[in-house]
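Visitor: One predicted model, sequence on top.
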Amino acid sequence: MTTAPTLPSDTAHQDDIAPVPEPAARRRLRRWREPKVLILTVVVVVIAYVALVPLVYLLWGTFVDGTGLTLDAFRRAFSATGLGAMTWNTLLFSLGAMVVSIVAGAGLAYLTERTNVPFKGLIYAGALVPLVIPGILYTIAWIFLAGPRTGVLSQWFESVFGTTLGVDVFTLPGMIVVQGLDSAPLAFLLMVAAFRAMDPALEEAALMAGARRTTVLRRVTLPLGLPGLLAAVLVMTVRNVEAFETPALLGMPSDIWVFTTRIYRILSYHPVDYGQAGAYALTLLLATSLAVYIQTRMTSGARKYQTVTGKGFRPRMLDLGPWRWPAAVGVLAYTLVAVALPVLMLVFMSTQPFNRAPTWENIRQASLENYATVFASTGTMKALVNSAVLAVGAATVIMLLAAIAAWLVIRTRLPGRWLLDNLTFLPLVIPGLVLGVALLFTYLRSPLPVYGTMWILLIAYVTRFLPYGMRYASSSMYQIANELEESALASGASWWQTFRRIVLPLLTPGLVAGWIYVVIVAIRELSASLLLYSAGNEVLSIEIWQLWQDGKSNVLAALGVVVVAAMSLVVFVARRLGAGVGYEGR
């Protein structure tokens, strides 16, 4: 008798059944849906978009018109009258202001880090306070001080000596000095790091061999600091080439034109010649890119300048001897002229009904009426809120993008990561006014409805200041070993959990420092904002510009004092909060 075969149960021999392989397309789709891949992809796309799209549209709008590819925009630009004088003015202004800022900033940095000069705390304060003063306010303060007829210094000099001082900031030398003093704090910060990391053994050896201190400075110190000095020269030159506030306020009234003011003038006429503005903008971009290339070539052999190696050293202060107190007097004089006088002038003018000299009688008649006008103005308060929202928003977006981009560039071995690194630094060579022109080309032709809104200002700020955020994030990322990340991943944590709970807290001090700097420079920004703002979306720099154009200089001074006080408070609070988190707070 045969029995019927029994069918296997549903659970029998499951281990013997081979799993059906997942199709390759489905595996790729599932990998692209992972949070890590999605986040990194979004960051790469956003960075590539903000860095490349405006430049592409700028090139298209300059070289292409209704008839096709053409160089007509360059013909109109370079056949305009006054081109030679404008080029010469731009060259003299940028190089002259660079020399002033490097001499002042590097000199203060050297005295602070390498010598026993007194009042070092005052040097730091005097060097860093101007960072929170918008460039337009600093220039206006110098107009109050050194204007040819109404300037306080001119009036005082004439009342004492019976003749005018002969100083006029509405000249090319005046523009150079004001711009150089405004840029000196940044040169100071760049050179402080270079002097602090330099081993003084070679300087001491030169002194023991009988060399004079000036010879040691010229033959030893400056050559050792050449890479840092060249970097400072590059940054200062590029900053001065793209400067707008000083040439606009001091140069245009005297018919002294540079490339940035010519671009602004072209865009102020109707109908607007966007092609000619684009030709000048591309010329500026080419000049700044050439400066970056030259600096890179000059520091390509930077290894021969290395003095900090595996052998430890303790930096020792060089004794200035009898020059110690003369150096201190020079520091005090610089602080008085470059910092105290402009700030005090703004404070005094903010308490006066009209421009007048700071006599005891006028000081006793001071009032807060201008401050009441500022806080009662709906437009000014809206500009204050707009600036705060844009600065905080741009700084937050930039530091988040920079943190993830820095991780991608430094922690991974993905091919092409160097391209992402270069993209984040590309906007560094784009002057602010050039960026404004590029964004005009982009969003006047783009279907995205951002032109005429605050979104276009946010895009401009994120694009322009992304390189600074990337520098802060990269520096912090290099200091963090990857053992903690590896341990977290080995314990089962996802990439996002590891990044959020380990990497970001360790990066926080550097991210906070970068966030503070971006907030400061975003509130200071004028050139790109001047081309991109619309009625109802004004920011503080635009409000200050309009008050100056309307002749309301005393109300402007009150607004300036409020801005400087608010920015100083933001820096203080952010630094206090940042000091208690991350690895510095453990």
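Guide: Yep, that arrived.
Visitor: okay, CA-based contacts and neighbour counts for the rest of this
Guide: Will do.
Visitor: Give me the buried positions along the top helix by length along the chain.
Guide: Ranked by residue count under DSSP state H, the longest helix found in the chain is helix 378-411. Along helix 378-411, these residues count as buried under the neighbour rule (16 or more other CA atoms under 10 Å): 379-384, 386-392, 394-409.
Visitor: same thing with stretch 80-96?
Guide: For stretch 80-96, the neighbour count (16+ other CA under 10 Å) marks 83, 86, 89, 90, 91, 92, 93, 94, 95, 96 as buried.
Visitor: okay, among those, which ones form the most distant pair?
Guide: Spanning the widest gap among those are 83 and 96, at 19.6 Å by CA to CA.
Visitor: For residue 55, which non-adjacent residue is closest in space?
Guide: Among residues not flanking residue 55 along the chain, residue 438 sits closest, at 6.2 Å (CA to CA, 6 or more residues apart in numbering).
Visitor: Go ahead and confirm the one you found touches residue 57.
Guide: Yes - between residue 438 and residue 57 there is a contact at 6.5 Å, judged by CA atoms under 8 Å.
Visitor: Stretch 361-378: how far from the chain's middle?
Guide: Put simply, stretch 361-378 sits 32 Å off its chain's centre (CA atoms, centre = their mean, to the nearest Å).
Visitor: same question, stretch 277-293
Guide: Put simply, stretch 277-293 sits 18 Å off its chain's centre (CA atoms, centre = their mean).
Visitor: can you pull the buried residues of that stretch?
Guide: Of the residues in stretch 277-293, those buried (16+ other CA under 10 Å) are 277-282, 284-285, 287-289, 291-292.
Visitor: now it: mean pLDDT?
Guide: Taken as a whole, stretch 277-293 has a mean pLDDT of 79.
Visitor: Can you list the neighbours in contact with it?
Guide: Applying CA atoms under 8 Å, 6 or more residues apart in numbering, the contact partners of stretch 277-293 are 58-59, 61-62, 73-74, 77, 234, 238, 241-242, 259, 263, 266-267, 429-431, 433-434, 437-438.
Visitor: now do stretch 86-96
Guide: With contacts defined as CA under 8 Å, 6+ apart, stretch 86-96 is touched by 172, 175-177, 180, 237-238, 240-241, 256-259.
Visitor: Just the closest of these to residue 536, please.
Guide: In terms of CA to CA, no member of the contacts of stretch 86-96 lies closer to residue 536 than residue 259, at 28.7 Å.
Visitor: how far away is that closest one from residue 147?
Guide: 24 Å (CA to CA, to the nearest Å).
Visitor: Between the two, point out the one with more neighbours.
Guide: Of the pair residue 259 and residue 147, residue 259 is the one with more neighbours under other CA atoms under 10 Å, namely 25 against 22.
Visitor: so where's the stretch 101-250 of the chain uncertain?
Guide: For the stretch 101-250 of the chain, the stretches with pLDDT under 70 are 149-150, 157-167, 193-194, 196-204, 207, 210, 213, 216-218, 220-228.
Visitor: can you give me the helices in the stretch 351-500 of the chain?
Guide: For the stretch 351-500 of the chain, the helices defined by DSSP state H, counting those that start in this stretch cover 360-364, 369-376, 378-411, 417-425, 432-445, 454-478, 483-490, 495-498.
Visitor: Report the mean confidence score over stretch 529-546.
Guide: 88.
Visitor: quick one: whichever helix or strand residue 284 is part of to helix 432-445, angle?
Guide: Residue 284 is part of helix 274-298 when elements are defined by DSSP states H and E. Relative orientation of helix 274-298 versus helix 432-445 (axes from the mean of the first three to the mean of the last three CA atoms, to 10 degrees): 130 degrees.
Visitor: residues making contact with the next helix or strand after helix 274-298?
Guide: Using DSSP H and E, the helix or strand that follows helix 274-298 in sequence is helix 324-335. Contacts to helix 324-335, defined as CA under 8 Å, 6+ apart, come from residues 108, 116, 117, 118, 119, 123, 126, 127.
Visitor: list the buried ones in helix 324-335?
Guide: Residues 327, 328, 331, 332, 334, 335 are the ones in helix 324-335 that count as buried (16+ other CA under 10 Å).
Visitor: repeat for stretch 71-78
Guide: Burial within stretch 71-78, assessed by neighbour count using 16+ other CA under 10 Å, is assigned to 72, 73, 74, 77.
Visitor: what's the helix or strand where the second one lies in contact with?
Guide: In other words, residue 73. Under the criterion of DSSP H and E, residue 73 resides in helix 72-78. Contact with helix 72-78 is made by 62, 63, 275, 276, 277, 278, 279, 280, as judged by CA under 8 Å, 6+ apart.
Visitor: Could you do stretch 41-56 as well?
Guide: Residues outside stretch 41-56 that contact it (CA under 8 Å, 6+ apart): 401, 404-405, 420, 423-424, 426-427, 435, 438-439, 441-442, 459, 462-463.
Visitor: Quick check on the closest residue to residue 176 other than its chain neighbours: phi, psi?
Guide: Using CA to CA, 6+ apart and skipping the chain neighbours, the partner closest in space to residue 176 is residue 97 (4.6 Å). Backbone torsions of residue 97, given as degrees, to the nearest 10, read phi -70, psi -30.
Visitor: Ok, residue 119 next?
Guide: According to degrees, to the nearest 10, residue 119 has phi 60, psi 40.
Visitor: what's it in contact with, if anything?
Guide: Counted by CA under 8 Å, 6+ apart, residue 119 has contacts residue 328.
Visitor: measure it to residue 187 for me?
Guide: From residue 119 across to residue 187, the span is 20 Å (CA to CA).
Visitor: Just the local confidence number for residue 479, please.
Guide: Here, the pLDDT recorded for residue 479 equals 64.
Visitor: ok, now the one 10 residues further on?
Guide: pLDDT for residue 489: 68.
Visitor: How about the one 5 residues further on?
Guide: Confidence at residue 494, expressed as pLDDT, is 69.
Visitor: and what of the one 4 residues further on?
Guide: pLDDT, the model's per-residue confidence, is 73 for residue 498.
Visitor: Could you do the one 3 residues further on as well?
Guide: In the predicted model, residue 501 carries a pLDDT score of 73.
Visitor: just residue 383 next, same as before
Guide: Residue 383 carries a pLDDT score of 90 in this model.
Visitor: burial of the nearest residue to it once chain neighbours are set aside, as a residue count?
Guide: Excluding the flanking residues, the one nearest residue 383 by CA to CA, 6+ apart is residue 539, at 4.3 Å. Neighbour count for residue 539, taken as other CA under 10 Å: 31.
Visitor: Settle it for me: which of residue 438 and residue 57 has more neighbours?
Guide: Taking other CA under 10 Å, residue 438 and residue 57 do not tie; residue 438 has more neighbours (29 against 21).
Visitor: For that one, report the pLDDT, please.
Guide: Per-residue pLDDT puts residue 438 at 84.
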